[in-house]
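Q: Mind folding the following:
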Amino acid sequence: MQQNILTKRVQLLTALSDVLPDTEAEFTFRGLDIKVICEGSSRTVTFPDSDTDFGVMTYGPRFATVLNTARDLEWLAAAWAARHDEQ
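A: Purely as a prediction, here's the structure:
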C-alpha cells in the first residue's frame, strides 16, 4: 500500500472522506502517521500517541464529522511535531 504525504487541510479532508466501506488507507499528515479503516459507514482512525501505543478516533460519512475529525487531526499533528521538536 502506498503511503501518501499530506500537507494541507483540503488534502486531509479528501483522504478522510475517500475511504470507502471495507477498505483502509494510510497516510502521513504533517509528520503524523494515520491509518483509517472503514467498516460499514463507520471509520476508525488510528495514530501514534506517546501515552499509549496508538490513539483512536471514529467518524461517520457526514461532512461535518469528517471536518471535525480533520480539525482534531490537525491539532494532534501540531502537538506531535512540537513533542518531537523538544526531544
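Q: Please make it C-alpha for all contacts and neighbour counts, starting now.
A: Will do.
Q: Show me the residue at the heart of this protein, geometrically.
A: Ile34 (4.5 Å; CA atoms, centre = their mean).
Q: how close does Lys8 sit to Arg30?
A: Distance of Lys8 to Arg30, given as CA to CA, to the nearest Å: 9 Å.
Q: Between those two, tell me which one has more neighbours.
A: Between Lys8 and Arg30, counted using other CA atoms under 10 Å, the more crowded position is Arg30 (17 against 11).
Q: just to revisit the earlier point, helix, strand or coil: sort out the residue nearest to the centre of the chain for me.
A: Following DSSP: H, G, I helix; E, B strand; the rest coil, the label given to Ile34 is strand.
Q: quick one, what contacts it?
A: Shown in contact with Ile34 (CA atoms under 8 Å, 6 or more residues apart in numbering): 26-28, 45-48.
Q: from the residues you listed, which is closest to Trp75?
A: Nearest to Trp75 among those, counting by CA to CA, is Phe47 at 12.6 Å.
Q: Helices of the protein, residue ranges please.
A: Remark: helices assigned in the chain by DSSP state H are 9-17, 63-86.
Q: does the residue nearest to the centre of the chain have beta-bridge partners, and which?
A: Phe27 (DSSP bridges).
Q: How about the one 10 residues further on?
A: As for beta bridges, Thr44 partners with Ile37, Thr58 under DSSP bridges.
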